[in-house]
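Q: coordinates for the following, if possible.
(2 chains, ligands or ions: 2)
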Amino acid sequence: MTSVSSSSEFHHQHHFKSAEHQYASSKQGIWLFLCTEILMFGGLFVGYLIYHSLYPTVFKNGSETLDWKMGAVNTVVLLVSSFTMAAAINYVQRGLHKIAAIMLALTIACAAAFMVIKYFEYSHKFHVGTVPGKFSLVDPSCAAGGKRATCESKIAALLKNPAELEKNHVSAEEVSRLKAVISQPKWEMFYGFYFVMTGLHGIHVVAGALMIFWIFIKTLRRKVGPEYYTPVEGVGLFWHVVDLVWIYLFPLLYLVG
Amino acid sequence: MSSAHTKTEHGHTDHNYLNHGSGIWSWMTTLDHKRIGLMYFATVATLFLIGGFFALGIRLHLAKFGAEPLLSPDTYNKFMTFHGAIMVFMVIIPGIPAFLGNFVLPIQLGAKDVAFPRLNLASYYIFIAGAALAASSMIFNQVDTGWTFYTPYSTAKTSNGVILLVMGAFTMGFSSILTGLNFIVTTHKLRAPGMTMDRIPLMIWALYSTSIIQILATPILAITLLLIGAEKTLGVGIFDPDLGGDPVLFQHFFWFYSHPAVYIMILPAMGVISELITAFSKKTIFGYRAIAYSSVAIAAVSFLVWGHHMFVSGQSTLAGIIFSIITMFVGVPTAIKLFNWISTMYRGTVTFEAPMLFALGFMFLFTIGGLTGVFLASTGMDVHFHDTYFVVAHFHYVMVGGTLMALMGGIYYWFPKMFGRMTSDLGGRISWVLIFTGFNVTFFPQFVLGAMGMPRRYFDYLPEYTNLNQISTVGSWLIGLGFLVGLITIIHGIFKGEKASDNPWGAKTLEWQTSSPPPHENFTTTPTVTAGPYDFR
Ligand code: HEM
Ligand SMILES: [Cu+2]
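A: Ligands and ions are numbered 1, 2, ... in the order given. Predicted structure coming up:
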């Protein structure tokens, strides 16, 4: 353990006995909050499992249209970010502000990379029409009118149009997968779950990145250090939970099918 | 609480939390839990008036005094929705924990503040934001779904105003989670020296159990409401049968929160009652542990009974029977509390000031509400009573007769501590008589109406229900008058009330050991606790 540069004068708040007391309390608060996050995603997982068992073929076909390679890359990106985050906490605790800041910057970079990859995934889905309910139809007024059964889906329209297929880089293999998807009734449901689950997770990634940025500034300004690192640790724990949720989302959505 | 060196020599220093900073800005930015509590009070009271306005509107319409109906069917549905949503999400749920809880919890623990004062203020503003969002639906796009937002009507049929209301409720849920979290950490970490877990006042046990429910159940409501939002904006189809979704899943999700939520409403009320009963019986509470642990037991069982709202939704008979049996179990810890309160009064020196009257009112009305809950919990009878006025009477007896009575009692009880002045006891008693009688006149006939088959949520009814409905409407005016008298008593107390002593009721819990109103940091010296919370001899 090298230079313990304690430039941050840290005073605990008046209603705590000591800095340790404040630290223990904050930590308990953070854990309780993380429980609520996990429970919230838990509700979605329960819904996913129920419909997965009700419509196994829909979910299988749907999951085959997801790009597991992009998902896998994103998994690795997040795992790396969890590592850099953990390292950042460790460096802050040891008073190594510079390298801690670098680690935090790397974590933010990973978060950005994750979102960019997600952007490519999402935009491809919008092009080929593997999107939830309302948007899966060619004519949006169909969804509102309630007679969706007679409406043409975006996928069906696309499949009839070779030029469009080429423009959107749809391979022959993907064509057969898309055909399999629309062979099943209620296939939009799978994409409903896909977008809600990854969307909510994506919002958490962005929120996490913003908080890490806040910590990054604090680290540069040496407002945190060996004697006070609660916010760093708290944000770190949040980030690990975001990572953890993805660790469950990825196999459930992309692999299990 | 007999404590070795609680402060007594403070006399009446003029410095207290009310004048610890002046001007509106010092209130808006305060981190003091006592002030935040009072800010919730003002907010919730305002919302209660709005919710009450809708209630009187509904009742006036149903009385059919004139030849023309007062409200159009569409307006009626909207009145009903806003009445329910405001009362549930903005009055009864935050009422006791966020207002009374915020005010007394840290003082009763001997703490200077809650664990996270900044978060506490943030929760308040999050609540305001949520309430504003929900209220904006009244202006932009009214909602007619009822406060339960049942799908597919809410997602596939009605207007987009649902999104505003639902997102408002989501935001308020977030506030509720943060308050619960704050209370749990405060209870664990900030107790005064000597304040072991079996010496904390029963109010705190109740708030603690409530907080556990807030943390465990509210996230499920959050995701359910988000899904409604997603369903309406994206058409994801999770609840829409047109797309393969299942509307009954919504009901499972909704009641998985909303049943425990009825205990978010009632447990803190039970905490208040425990305080009132001991203070006005001048006797050590009977069965401290039984009351404390029964709060936790109620919290635990509350998660297992949501299916009793869905007996007629097509769930399996087996599920119905299981939910029915577990529901009956809730009665056990509830009855334990009632018996302990009664035993506490037995041979106590009971006096009947306004707060105690409200406590007795609570016990009487809540017992009726609870017993009729057993009727509803029996699958066979529920088929008959389901969605009739019997249910309306039942939940008003528990929520209004229970929670609101306790809230009123709590206000009169802690009022001297809050403002350093007394409310007029006569005013308090008059408001009690009006509310209590009005309440029974309003809701008792509804049991009969329900048993006769009058459905709930309907704009119109058969002629044979007319008389009872008119009686019920007259009762509702009495209640309204009662709350008006209550409001006047409180406002009069704030400005003109007699000066209160530090411990006007002779109670033993810690908040009565500091001055009235307390100083900014609650105590001038940290109290040391050497005995249980209700050490009367
Ligand atoms: C503790 C305070 C309680 C509160 C605040 C409360 C509140 C409510 C509310 C708001 C409803 C109406 C739901 C709707 O809009 O459809 C309801 C219905 C019901 N309650 Fe309670 N309740 C409480 C206690 C109980 C107890 C103790 C029991 C059983 C022993 C019970 C059994 C039921 C049942 C079975 C229904 C469903 C009735 C139906 O929809 O047919 N409740 N309650
Ligand atoms: Cu229930």
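Q: ok, and the closest non-adjacent residue to B:I490?
A: Closest residue in space to B:I490, ignoring its immediate chain neighbours: B:T423 at 6.2 Å, by Cβ to Cβ, 6 or more residues apart in numbering or on different chains. C-betas here are computed from N, CA, C, even on glycine.
Q: residues touching that neighbour, list them.
A: Contacts here follow Cβ atoms under 8 Å, 6 or more residues apart in numbering or on different chains; on that basis B:T423 touches B:354, B:412, B:415, B:489-490, B:492-493, B:497.
Q: nearest to chain A, of the residues you listed?
A: B:F415 (25.0 Å; Cβ to the nearest Cβ).
Q: re earlier: can you tell me the SS state at the residue nearest to B:I490?
A: coil (DSSP: H, G, I helix; E, B strand; the rest coil).
Q: the stretch 51-200 of chain B: helices as residue ranges?
A: B:73-85, B:93-94, B:102-109, B:117-140, B:161-189 (DSSP state H, counting those that start in this stretch).
Q: name the helices or strands packed onto the second one?
A: Counting contacts by 3 or more Cβ pairs under 8 Å, 6 or more residues apart in numbering or on different chains; DSSP states H and E, helix B:93-94 is packed against helix B:161-189, helix B:247-281.
Q: for B:G51, give its distance to chain A.
A: 27 Å (Cβ to the nearest Cβ, to the nearest Å).
Q: that residue - how many residues pack around it?
A: For B:G51, the count of nearby residues is 20 (other Cβ atoms under 10 Å in any protein chain shown).
Q: was I right about B:D144 contacting B:T158?
A: Yes - at 6.1 Å, B:D144 counts as touching B:T158 under the criterion of Cβ atoms under 8 Å.
Q: from the stretch 151-300 of chain B, which residue is nearest to ligand 1?
A: As assessed by Cβ to the nearest ligand atom, ligand 1 sits closest to B:V262 within the stretch 151-300 of chain B, at 3.4 Å.
Q: contacting residues for that residue?
A: Contact analysis of B:V262 by Cβ under 8 Å, 6+ apart lists B:302, B:395, B:398-399.
Q: any idea how far it is from B:A217?
A: If you measure B:V262 against B:A217 using Cβ to Cβ, to the nearest Å, the figure is 11 Å.
Q: mind giving me JSON lines with the helices and strands packed on helix B:93-94 and columns for distance to B:F364 and mean pLDDT?
A: Putting the helices and strands packed on helix B:93-94 into JSON lines (distance: least, Cβ to Cβ, whole Å; pLDDT from 0 to 100) gives the following:
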{"stretch": "helix B:161-189", "distance to B:F364": "29", "mean pLDDT": "96"}
{"stretch": "helix B:247-281", "distance to B:F364": "12", "mean pLDDT": "94"}
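Q: output these as JSON lines; include the columns distance to A:H52.
A: Below are the helices and strands packed on helix B:93-94 laid out as JSON lines (distance: least, Cβ to Cβ, whole Å):
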{"stretch": "helix B:161-189", "distance to A:H52": "26"}
{"stretch": "helix B:247-281", "distance to A:H52": "13"}
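Q: so A:A24 makes contact with B:K189?
A: Yes - between A:A24 and B:K189 there is a contact at 6.6 Å, judged by Cβ under 8 Å.
Q: re earlier: filter the contacts of B:T423 to the buried ones?
A: B:354, B:412, B:415, B:489-490, B:493, B:497 (16 or more other Cβ atoms under 10 Å in any protein chain shown).
Q: any idea which helix or strand comes after the lowest-mean-pLDDT helix or strand in chain A?
A: Ranking every helix and strand in chain A by mean pLDDT, DSSP states H and E puts helix A:140-145 at the bottom, with a mean of 63. Next helix or strand after helix A:140-145 toward the C-terminus (DSSP states H and E): helix A:154-159.
Q: gap between that next one and the chain center?
A: Centre-to-centre, helix A:154-159 and its host chain are 28 Å apart (Cα atoms, centre = their mean, to the nearest Å).
Q: for B:S424, grab phi and psi.
A: For B:S424, the backbone dihedrals are phi -70, psi 120 (criterion: degrees, to the nearest 10).
Q: show me what contacts it?
A: By Cβ under 8 Å, 6+ apart, the neighbours of B:S424 are B:489, B:492-493, B:497.
Q: same deal with A:V205?
A: A:111, A:114-115, A:242.
Q: would you mind measuring from it to chain B?
A: For A:V205, the distance to chain B (Cβ to the nearest Cβ) stands at 17 Å.
Q: before we move on, what about A:G192?
A: Using Cβ to the nearest Cβ, A:G192 is found at 3 Å from chain B.
Q: which residue, neighbours along the chain excluded, lies closest to that residue?
A: Excluding the flanking residues, the one nearest A:G192 by Cβ to Cβ, 6+ apart is B:V236, at 3.1 Å.
Q: thought the one you found was touching A:P132?
A: Yes - the criterion here is Cβ under 8 Å, and B:V236 meets it with A:P132 at 4.4 Å.
Q: stretch B:499-512 vs chain A: in contact?
A: No - Stretch B:499-512 lies out of reach of chain A by Cβ under 8 Å from any Cβ of the partner chain, never closer than 15.1 Å.
Q: now do the end-to-end distance for that stretch.
A: The first residue of stretch B:499-512 is 15 Å away from its last residue (Cα to Cα, to the nearest Å).
Q: list the buried residues of it.
A: Neighbour-count burial for stretch B:499-512, with 16+ other Cβ under 10 Å as criterion, is recorded at B:500, B:502-505, B:507-512.
Q: hmm, back to that, now, the contacts of B:V262 that are in helices?
A: If you go by DSSP state H, those have B:395, B:398 in helices.
Q: can you show me the helices along the stretch 1-150 of chain A?
A: Ranges of helices within the stretch 1-150 of chain A are A:19-54, A:56-64, A:68-93, A:97-128, A:140-145, based on DSSP H, counting those that start in this stretch.
Q: so which elements touch the second one?
A: For helix A:56-64, the elements it packs on are helix A:172-182, helix A:188-220, judged by 3+ Cβ pairs under 8 Å, 6+ apart.
Q: quick one: mean pLDDT over that helix.
A: The pLDDT scores in helix A:56-64 average 92.
Q: and the contacts of it?
A: A:51-52, A:130, A:177, A:180-181, A:183-184, A:186-187, A:189-191, A:194, A:253-257, B:244.
Q: how close does B:S274 get to chain A?
A: 25 Å.
Q: with adjacent residues omitted, what lies nearest to that residue?
A: Of all residues not flanking B:S274 in the chain, B:L202 sits nearest, at 3.7 Å (Cβ to Cβ, 6+ apart).
Q: the one you found: neighbouring residues, count only.
A: The burial count for B:L202: 26, using other Cβ under 10 Å.
Q: that one touches B:A290, doesn't it?
A: No - B:L202 lies out of contact with B:A290 (Cβ under 8 Å); the separation is 10.4 Å.
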